[in-house]
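1. Dropping the sequence and predicted coords here.
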Amino acid sequence: MKQIILLLAMIAFATGSTFAHGNEQHVMGTVTAMTSDSITVRTQAKEPVTVYTMPDTRYEKSGAAASMKDLKLGERVVIHAAKMNDKLMATHVRFGATARASHQPSAF
Ligand SMILES: [Zn+2]
């Protein structure tokens, strides 16, 4: 019984606004706030999700290397993040024309 509840919880989580492949989660939505070390995204579920950036976070705008300075409020973004402790840490931040969670197309 406990395992079934756990499984249902995992399914509910996986079909939510963030979903995992392996250790990773994707956060997709619109940038609503930024600090020097975090990006807050409003997802399709209208929930704000804050993802923390790291010195080795990579940024990609329309398929080209970019930086956090290129990201603007209101922009659509796809953040690939790893969960560490209770925080989501960004590994890749994609925005611009080709923003999509496509590094593993078979997952979609
Ligand atoms: Zn990913």
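-> Now that the structure is in, tell me what you want to look at.
2. check contacts around whichever residue of the chain sits closest to the ion.
-> Using Cβ to the ion, His80 is the residue of the chain that sits closest to the ion, at 3.6 Å. The way it works is simple: take the backbone N, C-alpha and C, and place the C-beta from them, glycine included. Each residue near His80 by Cβ atoms under 8 Å, 6 or more residues apart in numbering is listed here: Glu24, Gln25, His26, Ala90, Thr91, His92, Val93, Arg94, Ala101, His103.
3. how about those residues in a markdown table, adding distance to Met34?
-> Below are those laid out as a markdown table (distance: Cβ to Cβ, whole Å):
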| residue | distance to Met34 |
| --- | --- |
| Glu24 | 21 |
| Gln25 | 19 |
| His26 | 18 |
| Ala90 | 12 |
| Thr91 | 17 |
| His92 | 16 |
| Val93 | 11 |
| Arg94 | 15 |
| Ala101 | 20 |
| His103 | 23 |
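4. Now which of the residues you listed would you call buried?
-> Buried members of the contacts of His80, counted by 16 or more other Cβ atoms under 10 Å: Glu24, Gln25, His26, Ala90, Thr91, His92, Val93, Arg94, Ala101.
5. residues from this protein in reach of the ion?
-> Glu24, His80 (Cβ under 5 Å from the ion).
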